[in-house]
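Novice: next input, structure requested:
(chains A and B)
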2 protein chains.
Amino acid sequence: MDPTSDKNIEVDDLEEIVIGGDLASLRRFLTLLHPADLAILFATLDRDHWPRVIHSLKVAEISDLMEELPDQLRDDLAELLSHEQLVDIFEEMASDDAADVIADLPEPLAEKVLASIPPEDRVEVETLLGYPEDSAGGLMQMELVSVRETATVQEAIESIRAAAGEVEDLHMVYVMDDAGRVCGLLPLDRLILASPTAPVSSVADRDIRTVRPEVDQEEVAQMFKRYDLVSMAVVDGEGRLLGRILHDDVVDVIEEEAEEDMLRMAGAEEPELIYSNRVFRIASVRIPWLLATIGGGLLSGALLWQFKVSFPQMLALLTFVPVIAAMGGNIGSQSSTIVVRGFATGRIDFHNLSQFLLRELAIGLIMGFFCGLVLTLTARIWHGDYLLALTAGLSMALAITASAITGVLVPFLFRSIRVDPAIAAGPLVTTANDVLGLAIYFSIAWLLIG
Amino acid sequence: MDPTSDKNIEVDDLEEIVIGGDLASLRRFLTLLHPADLAILFATLDRDHWPRVIHSLKVAEISDLMEELPDQLRDDLAELLSHEQLVDIFEEMASDDAADVIADLPEPLAEKVLASIPPEDRVEVETLLGYPEDSAGGLMQMELVSVRETATVQEAIESIRAAAGEVEDLHMVYVMDDAGRVCGLLPLDRLILASPTAPVSSVADRDIRTVRPEVDQEEVAQMFKRYDLVSMAVVDGEGRLLGRILHDDVVDVIEEEAEEDMLRMAGAEEPELIYSNRVFRIASVRIPWLLATIGGGLLSGALLWQFKVSFPQMLALLTFVPVIAAMGGNIGSQSSTIVVRGFATGRIDFHNLSQFLLRELAIGLIMGFFCGLVLTLTARIWHGDYLLALTAGLSMALAITASAITGVLVPFLFRSIRVDPAIAAGPLVTTANDVLGLAIYFSIAWLLIG
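Specialist: Numbering: from 1, shown residues only, chains lettered A, B, ... in the order given. Below is the predicted model of the structure:
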């Protein structure tokens, strides 16, 4: 009864049926699967078995499968298909998916396919390809149903009927004025309950949200979240309808943006690559960040080397180097993470920077006082030297406060020069804060002891 | 024309109209705002002005505003309202929002309100309060439209008409069999196009996803993402319909889970608190993680102190302590972040642990070889000592590889003992990796030099 139980179908089942079975039972098995589940099984299936599975699928099913596959596998699948098959598949796809898939195909193949699909589809796909992938235009699809506000409810229903095979996830009909500008929308439940002879203008909802195609996808996602939207109209400068964005694509954006931020904070990027098996490429992406860490670490070492002659208590002093360096890095990345997340969810902005900075300064002072005290007591007990204990504790307190402040300022700085602030929470700034902590430590040692 | 331009309305406008204006112009201003925008303005408005705004809103509008406010402000607003107003407001709210709001109210107030709302609403809210907040039951609402599969399309439309005032965001009608189990659903566009006399069973879509109320919200979110759902039925063990979950609540879950993971990685938690102004509470949440860092840092210092007698080259050796410690922590948190994100998006699981571990080992070896080489050369040039250079470089390579491995294993370990793996990417494990790096360094120094 419960269709979610097909989650339990494992790759082994597909492999077994592909290898062992007749085509009829393979076909039966495949039709039971949701395209999203088929894509997961397909992705882990041995490539040798792909042609047999493809043979058992109808064009519309291959099209659905292709939409669900990750980029790399999509290209591999495209290579197995004839040019005619590809053209048929693209005719089945929604315009936004077709554009996404074609954008990822190797150039010559993409051009060949584009040249073969019907002109009206081609124009749509080419229009969509003209927008950056991460803009409202890159998210939208052209399939939708719209009517003039002077039409009747019955005419609106006829428009839906005419579009039935073309438009999926039809949650509402867009309403346009005489000049072709979007002026309202008609959710289907209102349409069902309205009298067939009523004019659309009398039942349309006028409180609508629209977006221009050049708007960044992160802003689109924030609008969907704020207004709980299922779909949103994309309009040009004159307010004319260009297409619509659907909720499921926005969900992907939210995931993607969160993922990018997080990986960037860890000094890694490009989820598609990071979760692949290309170990040399992955290492090469991660190494530059590590070089920054090496640079910072060596700088700390050089600082340390620099001060070696000044202090007879050098060795005791050195025992607190790891803790002060680690703490600076740690606090800085805590504060930066909080700021970066605050940017992404809209909680923090330039206009509350000073307020947030004061708040973080206060928190830094409290944490600094507390941790400084702990370190002073520990140092006093361990090495028995008051001055050394005071030096370590004071440095700790200052390093924590300073890192809290740089942890807030650096993401703001990055944002104002249009660098992704998520980088600020990454190894680069962590390392800078390590060095900052040690510089504070040695300066205070030099003042108090040296 | 463009309704998104009301984004430009600033808090100053509201304040100005509240203070300066007559009630009519305040009312006119408020009706122009989407509840989500009103909530943002309201949250930053001086509390003294709240009563005047509340006075200008209708019950349904206060109800909408309340749904959009953060918990803390919601409680503050509730305190301004009379008991009768609160009861009216809860009758306006969807069951899931009412349950969420009541769950956050102070206990005595919540009980008083619950006792006063109509019995059928009370039963609904109490049922929902019985489910954990982060489960499918905690996300669902009871408002929905369902029909028997033996009904006609016309009867389904009549059910929608009967529910019109009650149910919002009605994207589909749920179809039930004779035993009251969900057996299909009827999207509204199909309903519109079907003949009124056709039986529902002939047009219903049978390929449905359902979920049990006890399922974790993260799993619910993954199903919405995978199957591009707008809503999902929640059913009991017999498959009987209990309620439905809507896409906008799932979007909030996705945001919330990503945010929690990220803040937890930074050794902070509870977004509601972290972005508030309660600096002492915030410091007290962040300090325990810092104590872990202090503990680890001091352990590193102790290690260093321990080895001071063995090595005449101690000082030169110490110049590489910061870089090796930082690198271990860095790599470990990179790897952990990748694993934690992989868990959340479903890319990594127990069944591909060994594959992922091998991959990360390979990447660790490549990065370790590279960074080790860099450090060896640097150390050779700086201090002119072959053995010291070799010690530093080899330690770096081993520390990187070891940290990459612990970075993968610790999140898996945490997950298997049901601790949130996001903690693994936080300061705790970073510090542990710092110590591990130094332990490796001193051990190798002891073997090669000591």
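Novice: use CA for all of it now, contacts and neighbours both
Specialist: Noted.
Novice: tell me which helix or strand the closest residue to A:Leu273 other than its chain neighbours sits in.
Specialist: Leaving aside its sequence neighbours, A:Leu273 sits nearest to A:Ile282 (C-alpha to C-alpha, 6 or more residues apart in numbering or on different chains; 6.8 Å). Assigned by DSSP states H and E, A:Ile282 belongs to helix A:279-306.
Novice: helix or strand right after that helix?
Specialist: Where DSSP H and E defines the elements, the next helix or strand beyond helix A:279-306 is helix A:314-318.
Novice: ok, that next one near chain B or not?
Specialist: Yes: using C-alpha under 8 Å from any C-alpha of the partner chain, we find that helix A:314-318 touches chain B at A:Leu315, A:Ala316, A:Leu318.
Novice: what residues sit buried inside the helix or strand encompassing A:Leu377?
Specialist: For A:Leu377, the host element (DSSP H and E) is helix A:353-383. For helix A:353-383, burial by neighbour count (16 or more other C-alpha atoms under 10 Å in any protein chain shown) applies to A:356-357, A:359-373, A:375-380.
Novice: off-centre distance for it?
Specialist: Averaging C-alpha positions (C-alpha atoms, centre = their mean, to the nearest Å) puts helix A:353-383 34 Å from its chain's average.
Novice: helices and strands around it, which ones?
Specialist: helix A:386-416, helix B:279-306 (3 or more C-alpha pairs under 8 Å, 6 or more residues apart in numbering or on different chains; DSSP states H and E).
Novice: adding mean pLDDT, write the ones you listed out as JSON lines.
Specialist: Shown next, in JSON lines, are the helices and strands packed on helix A:353-383 (pLDDT from 0 to 100):
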{"stretch": "helix A:386-416", "mean pLDDT": "91"}
{"stretch": "helix B:279-306", "mean pLDDT": "80"}
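Novice: tell me who's in contact with A:Arg226.
Specialist: By C-alpha atoms under 8 Å, 6 or more residues apart in numbering or on different chains, the contact set of A:Arg226 is B:Ala36.
Novice: quick check: pLDDT value at it.
Specialist: For A:Arg226, the model assigns a pLDDT of 88.
Novice: how about A:Thr406: what's its closest non-neighbour residue?
Specialist: A:Thr406's closest residue in space is A:Gly332 (C-alpha to C-alpha, 6+ apart), at 6.7 Å.
Novice: please give me every residue in contact with the one you found.
Specialist: For A:Gly332, the contacting residues are A:Ser403, A:Ala404, A:Ile405, A:Thr406, A:Gly407, A:Val408, A:Ala425, A:Val429, A:Thr430, A:Asn433, by C-alpha under 8 Å, 6+ apart.
Novice: the first one against A:Ala326, yeah?
Specialist: No: with contact defined as C-alpha atoms under 8 Å, A:Ser403 does not reach A:Ala326; the gap is 11.0 Å.
Novice: mind listing the shared neighbours of those two?
Specialist: Counting by C-alpha under 8 Å, 6+ apart, nothing touches both A:Ser403 and A:Ala326.
Novice: packing partners of the helix holding A:Ile282?
Specialist: helix A:271-274, helix A:427-448, helix B:314-318, helix B:321-345, helix B:353-383.
Novice: try 7 Å this time
Specialist: On a contact count with 3 or more C-alpha pairs under 7 Å, 6 or more residues apart in numbering or on different chains; DSSP states H and E, helix A:279-306 meets helix A:427-448, helix B:321-345, helix B:353-383.
Novice: ok, A:Ala99 to chain B distance?
Specialist: Per C-alpha to the nearest C-alpha, to the nearest Å, A:Ala99 is found 19 Å from chain B.
Novice: may I have the one helix or strand that residue maps to as CSV, with CA atoms only?
Specialist: Taking DSSP H and E as the criterion, A:Ala99 maps to helix A:95-104. Only the C-alpha atoms of helix A:95-104 are listed here, as CSV (Å, rounded to 0.1, in the frame of the first residue of the first chain):
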residue,chain,number,x,y,z
SER,A,95,12.0,24.4,-21.5
ASP,A,96,14.1,25.0,-18.4
ASP,A,97,15.2,21.4,-18.1
ALA,A,98,16.0,21.3,-21.8
ALA,A,99,18.1,24.4,-21.5
ASP,A,100,19.9,23.1,-18.4
VAL,A,101,20.7,19.8,-20.1
ILE,A,102,21.8,21.4,-23.4
ALA,A,103,24.0,23.9,-21.5
ASP,A,104,25.9,20.9,-20.0
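Novice: buried set for it?
Specialist: A:Ser95, A:Asp96, A:Asp97, A:Ala98, A:Ala99, A:Asp100, A:Val101, A:Ile102, A:Ala103.
Novice: do you know how far the closest residue to the fifth one other than its chain neighbours is from A:Ala136?
Specialist: Put plainly, it is A:Ala99. Among residues not flanking A:Ala99 along the chain, A:Val125 sits closest, at 5.2 Å (C-alpha to C-alpha, 6+ apart). Note on A:Val125: its distance to A:Ala136, by C-alpha to C-alpha, to the nearest Å, is 15 Å.
Novice: of these two, give the one with the bigger neighbour count.
Specialist: Counted by other C-alpha atoms under 10 Å in any protein chain shown, A:Val125 and A:Ala136 do not tie: A:Ala136 has more neighbours, with 29 against 25.
Novice: show me what contacts that one?
Specialist: A:Arg212, A:Pro213, A:Glu214, A:Val215, A:Asp216, A:Gln217, A:Val220 (C-alpha atoms under 7 Å, 6 or more residues apart in numbering or on different chains).
Novice: how many other residues sit next to the closest residue to A:Ile366 other than its chain neighbours?
Specialist: Once flanking residues are discounted, A:Ile366 sits nearest to B:Ala283: 6.6 Å by C-alpha to C-alpha, 6+ apart. B:Ala283: 21 surrounding residues under other C-alpha under 10 Å.
Novice: test my guess that B:Ala283 contacts A:Phe369.
Specialist: No: the criterion here is C-alpha atoms under 7 Å, and B:Ala283 misses it with A:Phe369 at 10.8 Å.
Novice: where does stretch A:16-26 sit relative to the chain's centre, distance-wise?
Specialist: The answer for stretch A:16-26 is 38 Å, by C-alpha atoms, centre = their mean.
Novice: which positions in that stretch come out as buried?
Specialist: Applying 16+ other C-alpha under 10 Å to stretch A:16-26 flags A:Ile17, A:Val18, A:Leu26 as buried.
Novice: next, the distance between the ends of it.
Specialist: The first residue of stretch A:16-26 is 10 Å away from its last residue (C-alpha to C-alpha).
Novice: for chain B, what is the nearest residue in the stretch 151-300 of chain A?
Specialist: Sorted by distance to chain B under C-alpha to the nearest C-alpha, the residues of the stretch 151-300 of chain A start with A:Gly297, at 3.7 Å.
Novice: so how far is B:Leu30 from that residue?
Specialist: From A:Gly297 across to B:Leu30, the span is 56 Å (C-alpha to C-alpha).
Novice: what about those two, which has more around it?
Specialist: Just comparing A:Gly297 and B:Leu30: by other C-alpha under 10 Å the higher neighbour count belongs to A:Gly297, 26 against 19.
Novice: let me see the contact set for the more buried one.
Specialist: Residues in contact with A:Gly297 (C-alpha under 7 Å, 6+ apart) are B:Pro322, B:Val323, B:Ala326.
Novice: repeat that for A:Val279.
Specialist: Here A:Val279 is in contact with B:Arg359, B:Ala362, B:Ile363 (C-alpha under 7 Å, 6+ apart).
Novice: what about it, distance to A:Trp289?
Specialist: Distance from A:Val279 to A:Trp289, counting by C-alpha to C-alpha: 16 Å.
Novice: try A:Glu84
Specialist: Distance of A:Glu84 to A:Trp289, computed by C-alpha to C-alpha: 46 Å.
Novice: so who does the nearest residue to A:Val211 once chain neighbours are set aside touch?
Specialist: Nearest residue to A:Val211, sequence neighbours excluded (C-alpha to C-alpha, 6+ apart): A:Val234, at 5.0 Å. Neighbouring residues of A:Val234 by C-alpha under 7 Å, 6+ apart: A:Thr210, A:Val211, A:Arg212, A:Pro213, A:Leu241, A:Leu242, A:Gly243, A:Arg244.
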